[in-house]
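In: After the sequence you'll find the predicted model.
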Amino acid sequence: TVLYPDVPAEDGLTHTTLAQPALFATEYALSRLLLSWGVEPDVLVGHSIGEFSAAALSGVLSLADAARLVAVRGRLMQDQPTGAMISVAAAAADIEPLLPPGVSIAAVNAPTLCVASGPHEAVAAFGALLADRGITVRQLHTSHAFHSAMMYRVVEPFT
């Protein structure tokens with residue numbers, strides 16, 4: 001009903017308790033399909049949910065344990081205050097000195113592509129500052145400020 005609703009829900013897979021297991025299932029299934037076609041990786045690496053997929057595929061975690069951890073993680077993260085994330089077409093080192101309080105570099109995806117994450121207002125103001133400086137910024141469709149200080153309260157109960 002979430003993936004194929006009769007009437008599309010506004011939040012759908014943006015709800016973290018559903019999105020994270022859906023991402024994990026998709027990553028794991030696609031990887032298993034590639035393996036069935038004979039595509040054999042030399043190494044596995046992942047970011048965020050991808051780490052759990054890589055761990056399950058490599059045998060570091062069982063599929064059941066990885067799925068259980070992803071579900072718990074999603075529930076814990078959903079309970080945190082909402083936030084925002086933006087993709088920034090600049091090197092993290094170049095924008096780091098401009099970060100306002102509460103905004104973090106959430107990911108470095110390429111030498112000149114990173115993600116900033118934090119409270120809605122602070123991220124919006126940061127995005128406007130960067131845009132004024134001619135730096136391309138794109139709002140990401142997320143419910144929370146993942147990989148930021150706003151997720152720290154998840155660490156202890158998840159551990």
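Out: That came in fine, so what should we check first? Numbers count the residues shown, from 1 in each chain.
In: CA atoms for contacts and neighbours, from now on please.
Out: Fine.
In: longest helix in the protein, by residue count?
Out: helix 16-36 (DSSP state H).
In: Show me what that one is packed up against.
Out: Other helices and strands packing on helix 16-36, by 3 or more C-alpha pairs under 8 Å, 6 or more residues apart in numbering; DSSP states H and E, are helix 49-58, helix 63-78.
In: On the three-state scheme, the residue lying farthest from the centre of the chain is what?
Out: Distance from the C-alpha centroid of the chain, by C-alpha atoms, centre = their mean, peaks at residue 38 (28.7 Å). Recorded secondary structure, residue 38: coil (DSSP: H, G, I helix; E, B strand; the rest coil).
In: From residue 31, how far out is it?
Out: 11 Å (C-alpha to C-alpha, to the nearest Å).
In: what do you get for residue 80?
Out: Residue 80 is 30 Å from residue 31, by C-alpha to C-alpha.
In: Same question for residue 141.
Out: 24 Å.
In: do residue 21 as well
Out: Plainly put, residue 21 is 15 Å away from residue 31 if you go by C-alpha to C-alpha.
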